[in-house]
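Asker: I would like the atomic coordinates for the input below:
(2 chains)
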Amino acid sequence: MLRNYLLTAWKVFMRRKLFTAINLLCIVLTLVVLMVVTSLLETAFRPSGVEGRSDRFLQIVMMRMDSPDGSRVSTTPLGYKMVEKYLKPMPGVERVAAATLPTGAAVYQGDRVSEVQMRRVDADYWKILDFTVLAGRLPNAADDAAGRMIAILNASTARRLFPGAPSLALGQHIDINGQNFEVAGVVEDAMHVNAFADIWAPISTFGSSDYRNQLTGMFTAMVLAERGADLPRIQRQVAQIASTVVQDDPKQWKTTRFWADTKLDLFARLTMGNNETIDSGAGKLLALIAVAMLVFMLLPALNLVNLNTGRIMERRVEIGVRKAFGATSSQLALQLVVENVLLCLAGGLLALAATAGMLAWLEHIQLINYMRYDLNLAVFGWGMLIATVFGLLSGVLPAWKMSRLDPVHALKGAI
Amino acid sequence: MIRLNKVSKTYRTDKVETLAVKEVDLHVKKGEFVAMMGPSGCGKSTLLNLIGLLDRPGEGSIDVDGIPITRYRDKQVARLRNSSFGFIFQSFHLIPDLRVIDNVELPLLYRAMPATERRRLAREALEKVGLGARIDHFPNQLSGGQQQRVAIARAIVGKPQVLLADEPTGNLDSKMGAEVMDLLLKLNSEGTTVVMVTHDEHEARRTSRIVRVFDGQLVA
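Answerer: Numbers count the residues shown, from 1 in each chain, chains lettered A, B, ... in the order given. Next comes the predicted model:
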């Protein structure tokens, strides 16, 4: 029976090539958008590449301070003192790293000035993130302690500043914002929330040690748990630690709150602007994304419902004949749905190819610096699932409607 | 074998109500060849659809082999149609996208049967109607008479007890019509019950019984 279904489906599709092409185009366009979004979400939130351990680390990016009467609120990144005094001593975790947010810096090479994004990080940062070292080495605790003026470049920056192989950059001296650094290592480009930068240097290379005394500043913290299962406990622990913070001027800022977030939580907190409770709003955000995707699929699906109804209506005599010879409504509905799902799966395969092309293009034009897009098996699986759902959404209603046609009327070519 | 008891059928639209069949009592016996005649719009095709369980009566009941099917659900009726009835239509109603053999196989798709067996029976039916050499053709590559013979092969492939033919020669010239009629008579002589709607008096006289319909009722 399936062979007959497939044969009929193929013939029906080929009978009206333009119609089939419009159908496919509609499916492909919708699925490409959905699959690009899925791929972006996969790349952003699944543990992969340099943030391969993100299933067991949390990040603290912002803190919120409230005035005693609650009339004023300040939201700011952490100061180094906050990380060192309150978070680093935290028990029950593997390690805690401090890193500044990426900030613009100028690299001077003779007359040439290059704009770069720079982070100052401690040695633990390199142990939480999995950078691929292309040449040289990564900074360690001894470098931090000694305040060695060394810098790590990513591959693109190394190429830009010192054209040629990454090793050619090693040992070279660069002037960053008036400070002289020696290039100690070159790492592969990476685009992840915590990894993004062009140049890294140890925190202890700051021109002044003032940062050590500041509770607010430009730092973020990363907490690596021993096991992924520890994350909820650590999140509660961090929330509790925040409540013990005494600001430099308690009369101005009485309460402090900050949250240790997973990557998804962090994204949700920033998007939803939820910085009052431990709940980042990730659940709500995921639900919103799911609803948005469904609505995005629903609109073209409704259009396809109309197109399919027209396509199936052309076949009402065939439906009448099949009914006359014993086909039940459910068998016919199944046949028509199978045809539509097949079309959508074919659209899904085309969309996969188009998505791969689109992602390669996005990577090529560097819409987001250093972003790598993966069209992996999970994305493929999601794509096929989306195609099937799309096929069902747009196929079930017309199939059900047409399968219930009265055979006498159907044979006359009437509705 | 098939008995219609006081069967009536009314078609309703928003504005019009048409009584197509009125209190018809009809008994089609096993092995009979019944011709139904009457003017256009008198209710012959409606009667044929009721006999073939394509339509349900508004009033009255229909018995098949002594079993009343009025309370059968759609699925049971579909199963009964598949096992006991074969249909031949004036416009052939072959599926243009399918090859001849695939068209003939169609009724067997709705039976639990291996594909090889379906193919064997379809070939056998096509050979019976003299089209064994045309299995890979598409309907539009055949003449009208050949298409109707394919339709007959499709109707008999499931070895039904009853063949229902709605003006099977209506779209054919006299020579092809005679060939189709010969085929139906041959099938009847082999034991298949045939009920045929026709306008052709000559064809009707070759059958075993003529039933005349006028204004939705049987007339003597």
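
Asker: now chain A against chain B: closest residue?
Answerer: Chain B sits closest to A:Gly326 of chain A, with a gap of 2.4 Å, by C-beta to the nearest C-beta. The C-beta positions use only the backbone N, C-alpha and C, and glycine is treated the same way.

Asker: could you identify the longest helix within the chain?
Answerer: In the absence of a named chain, chain A is used. Longest helix of chain A, by residue count under DSSP state H: helix A:329-365.

Asker: try chain B instead
Answerer: Taking DSSP H as the criterion, chain B has its longest helix at helix B:174-189.

Asker: circling back: rounded mean pLDDT for the longest helix of chain A, please.
Answerer: Confidence for helix A:329-365, expressed as mean pLDDT, is 85.

Asker: buried sites along it?
Answerer: Residues A:329, A:331-352, A:354-356, A:358-359, A:362 are the ones in helix A:329-365 that count as buried (16 or more other C-beta atoms under 10 Å in any protein chain shown).

Asker: and chain B, which of those reach it?
Answerer: For chain B, the contacts drawn from these by C-beta under 8 Å from any C-beta of the partner chain are A:Ser329, A:Gln331.

Asker: residue contacts, the residue nearest to the spatial centre of chain B?
Answerer: With distances taken as C-alpha atoms, centre = their mean, B:Leu164 lies nearest the centre of chain B, 2.0 Å away. Applying C-beta atoms under 8 Å, 6 or more residues apart in numbering or on different chains, one finds that B:Leu164 lies in contact with B:Leu48, B:Ile51, B:Gly52, B:Phe85, B:Gly86, B:Phe87, B:Ile88, B:Val194, B:Val195, B:Met196.

Asker: and with 6 Å instead?
Answerer: Shown in contact with B:Leu164 (C-beta atoms under 6 Å, 6 or more residues apart in numbering or on different chains): B:Leu48, B:Gly52, B:Phe87, B:Val195.

Asker: leaving out the residues flanking it, which one is nearest to it?
Answerer: In this structure, B:Leu164 finds its nearest non-sequential neighbour in B:Gly52, 4.4 Å apart by C-beta to C-beta, 6 or more residues apart in numbering or on different chains.

Asker: what count of nearby residues applies to the one you found?
Answerer: 22 (other C-beta atoms under 10 Å in any protein chain shown).

Asker: ok, the closest residue to B:Gln161 other than its chain neighbours - how many residues close by?
Answerer: Excluding its sequence neighbours, the residue lying closest to B:Gln161 (C-beta to C-beta, 6+ apart) is B:Ser84, at 5.1 Å. Each residue near B:Ser84 was counted by other C-beta under 10 Å, and the total is 20.

Asker: now tell me what touches the helix or strand in which A:Lys81 is found from outside.
Answerer: Using DSSP states H and E, A:Lys81 sits within helix A:80-82. Here helix A:80-82 makes contact (C-beta under 6 Å, 6+ apart) with A:Tyr211, A:Arg212, A:Asn213, A:Gln214, A:Leu215, A:Phe219.

Asker: how about those residues, which pair is most distant?
Answerer: Spanning the widest gap among the contacts of helix A:80-82 are A:Asn213 and A:Phe219, at 12.8 Å by C-beta to C-beta.

Asker: the two: which has the busier surroundings?
Answerer: Neighbour count, other C-beta under 10 Å: between A:Asn213 and A:Phe219, A:Phe219 has more, with 26 against 11.

Asker: give me the secondary structure label for the residue in chain B positioned nearest to chain A.
Answerer: For chain B, the residue closest to chain A is B:Asn82, as judged by C-beta to the nearest C-beta, at 2.4 Å. Under DSSP: H, G, I helix; E, B strand; the rest coil, B:Asn82 falls in the helix class.

Asker: residues contacting B:Asp63?
Answerer: B:Asp63 sits next to B:Arg3 when contact means C-beta under 6 Å, 6+ apart.

Asker: list the beta-bridge partners for it.
Answerer: B:Asp63 has the following beta-bridge partners by DSSP bridges: B:Arg3, B:Pro68.

Asker: write out the residues of the stretch 251-400 of chain A neighbouring chain B.
Answerer: Selection of the stretch 251-400 of chain A residues close to chain B by C-beta under 6 Å from any C-beta of the partner chain yields A:Val317, A:Glu318, A:Val321, A:Ala324, A:Phe325, A:Gly326, A:Ala327, A:Thr328.
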